[in-house]
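> The sequence isn't on hand, but the structure is:
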């Protein structure tokens with residue numbers, strides 16, 4: 001159902017997501033990455049807490065990166081060397097301007113480009129937006145992958 005997003009800034013949501021991520025890593029010792037983040041939707045939580053986080057971060061991706069960083073801190077403490085993955089997708093594709101993912105956060109940038117022309121072709125407005133978002137993410141993290 002469209003619009004069903006958890007409140008990523010709610011302390012209980014953060015606790016549950018962190019607990020489940022740690023349980024997952026404990027249960028699968030060979031797993032090097034655990035994913036957290038948003039549901040598949042273009043809508044996001046705009047409660048007072050999330051709105052402040054997103055405004056301070058400069059993008060609705062702020063709340064996604066914030067919960068990813070929260071989980072990543074716990075993962076780094078208990079499972080050094082393991083990553084926390086999250087998507088930059090739909091509402092969170094626009095990278096934050098005032099918040100960086102932790103060193104153990106892996107960003108999966110989900111392309112939504114026009115495949116008729118190259119991603120960096122400035123004549124395609126849609127691709128120009130995608131290319132600029134992707135380039136901005138590369139300035140925030142070395143751990144960036146494409147989900148195409």
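Received, thanks. From a predicted model like this one, the values you see are computed outputs, not experimental measurements.

> distance between the ends of stretch 83-103?
8 Å (C-alpha to C-alpha, to the nearest Å).

> in it, what's buried?
If you call a residue buried by 16 or more other C-beta atoms under 10 Å, then stretch 83-103 has these buried ones: 83-96, 99, 101-102. Quick note: C-beta positions are derived from backbone N, CA and C, even for glycine.

> next one: stretch 34-47
Across stretch 34-47, burial judged by 16+ other C-beta under 10 Å covers 34, 36, 37, 38, 44, 45.

> Stretch 113-125 too?
For stretch 113-125, by 16+ other C-beta under 10 Å, it's 113, 119, 124.

> got CSV for those, with pLDDT too?
Below are the buried residues of stretch 113-125 laid out as CSV (pLDDT from 0 to 100):
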residue, pLDDT
113, 73
119, 79
124, 86
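
> List just the nearest of those residues to residue 25.
Nearest to residue 25, judged by C-beta to C-beta, of those is residue 113 at 32.9 Å.

> give the contact list for that closest one.
119, 126, 127, 130 (C-beta atoms under 8 Å, 6 or more residues apart in numbering).

> Type out the PyMOL command that picks the buried ones from these.
The PyMOL selection below is limited to those of the contacts of residue 113 classed as buried (16+ other C-beta under 10 Å):
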select buried, resi 119+127+130
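
> Which two among the contacts of residue 113 are spaced furthest apart?
The largest separation in those, counting by C-beta to C-beta, is between 119 and 126 at 9.9 Å.

> Residue 81 looks like it's in a helix, true?
No. Counting by DSSP: H, G, I helix; E, B strand; the rest coil, residue 81 is not part of a helix but coil.

> Which pLDDT value goes with it?
For residue 81, the model assigns a pLDDT of 96.

> was I right about it contacting residue 32?
Yes. Counting by C-beta atoms under 8 Å, residue 81 does reach residue 32; the two are 7.5 Å apart.

> more neighbours, the two?
Legend: neighbour count by other C-beta atoms under 10 Å for residue 81 and residue 32, higher for residue 32 (13 against 8).
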